[in-house]
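Enquirer: Make a model of this:
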Amino acid sequence: MEFITQNLAPIMFGGLIIFLLLGFPVAFSLGACGLFFGFIGIELGVLPESLLQALPLRINGIMQNDTLLAIPFFTLMGLILERSGMAEDLLDTIGQLFGPLRGGLAIAVILVGALLAATTGVVAASVISMGLISLPIMLRYGYDRRLASGVIAASGTLAQIIPPSLVLIVLADQLGRSVGDMYKGAFIPGFVLTGFYLLYVIAVAVFKPNWAPALPLEARTIREDNGKSGLPSLVVLTLVSAAAAITLGENWARVLGWLQGREITSVATDETIVVSLCAGVLLAFVIALVNKATRLGLLSRIAERVTFVLIPPLLLIFLVLGTIFLGIATPTEGGAMGALGALIMAVARGRLSFSLLTQALNTTTKLSCFVVFILIGSTIFSLTFQGVDGPRWVEHLLTSLPGGQLGFLIVVNILIFVLAFFLDFFELSFIVVPLLAPVADKLGIDLIWFGVLLGVNMQTSFMHPPFGFALFYLRSVAPHKEYTDKVTNRTIAPVTTMQIYWGAVPFVLIQILMVALIIAFPGIVSRDKEEKIDLDKVKIEMPADIEYTPSGTEPQAAPATPAASDPLAPPAPDTSSEDEQKKMDELFNIKR
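Expert: Now for the predicted structure:
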């Protein structure tokens with residue numbers, strides 16, 4: 001019994017692992033483990049009987065957490081957009097745009113994956129949508145099955161790290177940090193990772209051209225009447241919009257200072273990027289609207305199609321993320337605006353139906369309940385775990401690692417990478433992150449940076465063969481057997497599970513490379529610099545001749561004390577009102 005009493009924390013953690021390995025649902029495993037070891041601790045005298053009385057208050061605190069409201073809002077926004085056909089329109093348009101290039105369809109999938117990530121925030125919706133729409137097209141035109149599978153699965157996982165990601169909301173809540181700060185921190189790493197995916201596809205197209213052929217001429221349907229592609233007008237429109245965005249970005253500090261009526265020397269990088277991109281995109285949309293209304297014929301069909309299909313979701317992204325980054329709205333309010341914007345877009349496209357709305361609301365409710373149940377279970381577990389000094393055990397275990405911060409980060413990332421084989425990002429966020437956060441904070445690691453690092457690492461939980469959820473989603477929509485293509489009338493071979501697994505491996509390696517780059521170059525994570533004040537070194541000096549009186553009365557000057565050497569000296573005259581006012585001005589640093 002003495003051994004159990006002294007080692008209840010590691011035994012409890014091991015018991016949780018056993019529960020999970022037995023296949024019990026994570027939420028119930030956490031709750032059952034917390035209650036079971038809580039009763040054992042009370043019986044052994046390690047825990048007070050009143051410990052579990054705090055449980056209702058903690059659960060009530062979860063229900064009152066406004067931050068978690070962002071999860072159903074962003075989920076509903078993504079599901080409305082995905083089920084109203086936005087993904088299909090984007091893939092068709094961008095596929096036509098990049099189709100003439102080798103690897104153009106794969107590039108289109110990655111770009112659409114990034115856009116869907118910034119609008120849906122849900123991995124399953126992105127992977128299934130692109131698997132249903134783009135995989136048959138890529139197979140039709142001779143793409144290697146491993147490349148096609150890997151691109152679709154990896155592009156879907158961008159929803160993990162590109163705001164408004166659900167995992168970033170959960171990580172911010174568990175780390176005790178602002179969701180807006182977490183979004184700002186992940187903004188640049190998300191698009192850097194997208195760039196790495198594009199570089200990989202381009203490299204494959206160069207060195208293995210038969211893996212990623214260009215779209216044949218007969219498949220390029222969006223063309224001018226004379227047979228030309230119409231790309232020059234799109235290039236001109238893009239250059240004009242880019243020039244406007246760059247000009248505004250370079251002068252945004254001065255413009256913002258003029259708007260606010262004060263001098264501003266610098267603005268956060270992410271804020272400048274969002275504002276400048278929003279201005280450039282809005283200018284292109286206005287030009288396209290004017291051209292269509294006046295029938296000037298300045299833009300080609302492909303230019304108009306790209307503008308009207310691509311820009312509305314981009315404007316929705318800027319509406320949501322821009323208001324969050326600029327401090328106009330909280331993430332919860334941004335999510336509510338995003339959900340309303342998605343409904344408006346669906347109505348404008350004529351694709352909003354009662355059936356679609358019902359399906360989206362049902363799925364949103366299920367996912368929200370899933371998150372809340374896991375959070376309740378983790379709260380029960382953490383209450384008992386803290387009672388048996390579990391955090392101190394974890395802290396001693398991790399702070400004693402050689403290498404200081406670097407050694408801690410290496411071990412933690414290896415731990416997350418291994419656990420991602422068995423747990424998804426919600427489970428990792430609720431089980432592991434609360435144990436790691438206090439240790440990281442004690443080692444002086446910025447928790448926003450740490451959260452973004454863990455978010456990038458957790459992407460591998462969707463890509464790990466053989467347990468990656470993105471691979472399961474793709475397997476569910478990939479062809480299991482031979483079928484006849486409706487366009488070419490050719491027999492298309494099925495996509496095997498091993499082809500999906502091997503296709504995911506290069507992208508898992510890219511994600512690991514991104515983790516290493518964030519550790520090596522912490523500046524990749526955008527972070528507003530905050531001046532830290534050491535409260536132990538703060539000194540408050542007050543003038544000795546000011547006497548404070550009880551509240552509600554005016555502070556009076558202390559009367560001068562007669563000299564101790566002359567007890568018969570007459571009392572000092574009262575301080576004049578002018579001298580009293582002067583002393584008050586000096587005390588409160590008032591200049592007249």
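Enquirer: Going by C-alpha atoms from here, please, whenever you check contacts or count neighbours.
Expert: Fine.
Enquirer: for the host helix or strand of Arg392, the distance to its chain's centre please.
Expert: Assigning secondary structure by DSSP states H and E places Arg392 in helix 390-399. Helix 390-399 has its C-alpha centroid displaced from the chain centroid by 28 Å (C-alpha atoms, centre = their mean, to the nearest Å).
Enquirer: repeat for stretch 414-432
Expert: The mean C-alpha position of stretch 414-432 is separated from the chain mean by 17 Å, C-alpha atoms, centre = their mean.
Enquirer: Could you tell me the end-to-end distance of it?
Expert: Counting by C-alpha to C-alpha, to the nearest Å, you get 13 Å between the two ends of stretch 414-432.
Enquirer: in that stretch, what counts as buried?
Expert: Within stretch 414-432, the residues scored as buried using 16 or more other C-alpha atoms under 10 Å are 416-417, 419-432.
Enquirer: quick check, nearest of these to Val309?
Expert: The nearest member of the buried residues of stretch 414-432 to Val309, counting by C-alpha to C-alpha, is Phe425 at 31.8 Å.
Enquirer: Make sure the closest one is actually in contact with Leu168.
Expert: No. If you go by C-alpha atoms under 8 Å, Phe425 and Leu168 don't touch, sitting 10.1 Å apart.
Enquirer: Just the closest of the buried residues of stretch 414-432 to Ala243, please.
Expert: Checking the buried residues of stretch 414-432 against Ala243 with C-alpha to C-alpha, the nearest one is Phe425 at 39.7 Å.
Enquirer: Check what pLDDT the residue nearest to Leu168 when sequence neighbours are not counted gets.
Expert: What sits nearest to Leu168 in space, not counting adjacent residues and going by C-alpha to C-alpha, 6 or more residues apart in numbering, is Met182, at 6.4 Å. At Met182 the predicted local distance difference test score is 88.
Enquirer: before we move on, the earlier item: what about the buried residues of stretch 414-432, which are in helices?
Expert: Mapping the buried residues of stretch 414-432 onto helices (DSSP state H) picks out Ile416, Phe417, Leu419, Phe425, Phe426, Glu427, Leu428, Ser429, Phe430, Ile431.
Enquirer: nearest to Ile510, of those residues?
Expert: The closest of those to Ile510 turns out to be Phe417 (C-alpha to C-alpha; 13.4 Å).
Enquirer: mind exporting the helix holding Arg392 as CSV, just the C-alpha atoms?
Expert: Extracted C-alpha coordinates of helix 390-399, given in CSV (Å, rounded to 0.1, in the frame of the first residue of the first chain):
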residue,chain,number,x,y,z
GLY,A,390,0.6,14.5,-10.8
PRO,A,391,1.8,17.8,-12.3
ARG,A,392,4.8,17.9,-10.0
TRP,A,393,5.7,14.4,-11.0
VAL,A,394,5.5,15.3,-14.7
GLU,A,395,7.5,18.5,-14.0
HIS,A,396,10.3,16.6,-12.2
LEU,A,397,10.3,14.0,-15.0
LEU,A,398,10.6,16.6,-17.8
THR,A,399,12.7,19.3,-16.2
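Enquirer: helices or strands up against it?
Expert: helix 8-21, helix 433-442 (3 or more C-alpha pairs under 8 Å, 6 or more residues apart in numbering; DSSP states H and E).
Enquirer: Any idea which of the ones you listed gets closest to Ile328?
Expert: Within the helices and strands packed on helix 390-399, the stretch nearest Ile328 is helix 433-442; the backing value is 28.7 Å (C-alpha to C-alpha).
Enquirer: just to revisit the earlier point, averaged pLDDT, the helix holding Arg392. What do you get?
Expert: Per-residue pLDDT over helix 390-399 has a mean of 75.
Enquirer: Turn the ones in helices among the buried residues of stretch 414-432 into TSV, including distance to Tyr200.
Expert: Below are these laid out as TSV (distance: C-alpha to C-alpha, whole Å):
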residue	distance to Tyr200
Ile416	25
Phe417	22
Leu419	27
Phe425	25
Phe426	29
Glu427	30
Leu428	29
Ser429	29
Phe430	33
Ile431	34
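Enquirer: Show me the two of the residues you listed that sit farthest apart.
Expert: Farthest pair in those (C-alpha to C-alpha) is Phe417 and Phe430. Separation: 15.7 Å.
Enquirer: out of the buried residues of stretch 414-432, who's nearest Gly45?
Expert: Nearest to Gly45 among the buried residues of stretch 414-432 is Ile431, at 25.7 Å by C-alpha to C-alpha.
Enquirer: and the closest one, what does it touch?
Expert: Residues counted as contacts of Ile431 (C-alpha atoms under 8 Å, 6 or more residues apart in numbering) are Ser378.
Enquirer: one step back: and of the helices and strands packed on helix 390-399, who's closest to Phe187?
Expert: Closest approach to Phe187 among the helices and strands packed on helix 390-399 (C-alpha to C-alpha): helix 433-442, 20.9 Å.
Enquirer: Please name every helix or strand in contact with that closest one.
Expert: Under the contact rule (3+ C-alpha pairs under 8 Å, 6+ apart), helix 433-442 is packed against helix 166-175, helix 390-399, helix 447-458.
Enquirer: what about 10 Å?
Expert: helix 166-175, helix 354-387, helix 390-399, helix 404-419, helix 425-431, helix 447-458 (3 or more C-alpha pairs under 10 Å, 6 or more residues apart in numbering; DSSP states H and E).
Enquirer: between those, which one is nearest to Val151?
Expert: For Val151, the closest of the helices and strands packed on helix 433-442 is helix 447-458, at 17.1 Å, according to C-alpha to C-alpha.
Enquirer: and after the closest one, which helix or strand comes next?
Expert: That would be, after helix 447-458 and using DSSP H and E, helix 460-463.
Enquirer: For this protein, which residues score under the pLDDT cut-off?
Expert: Along the chain, the model assigns pLDDT under 70 to residues 1, 120-122, 125, 227, 270, 526-592.
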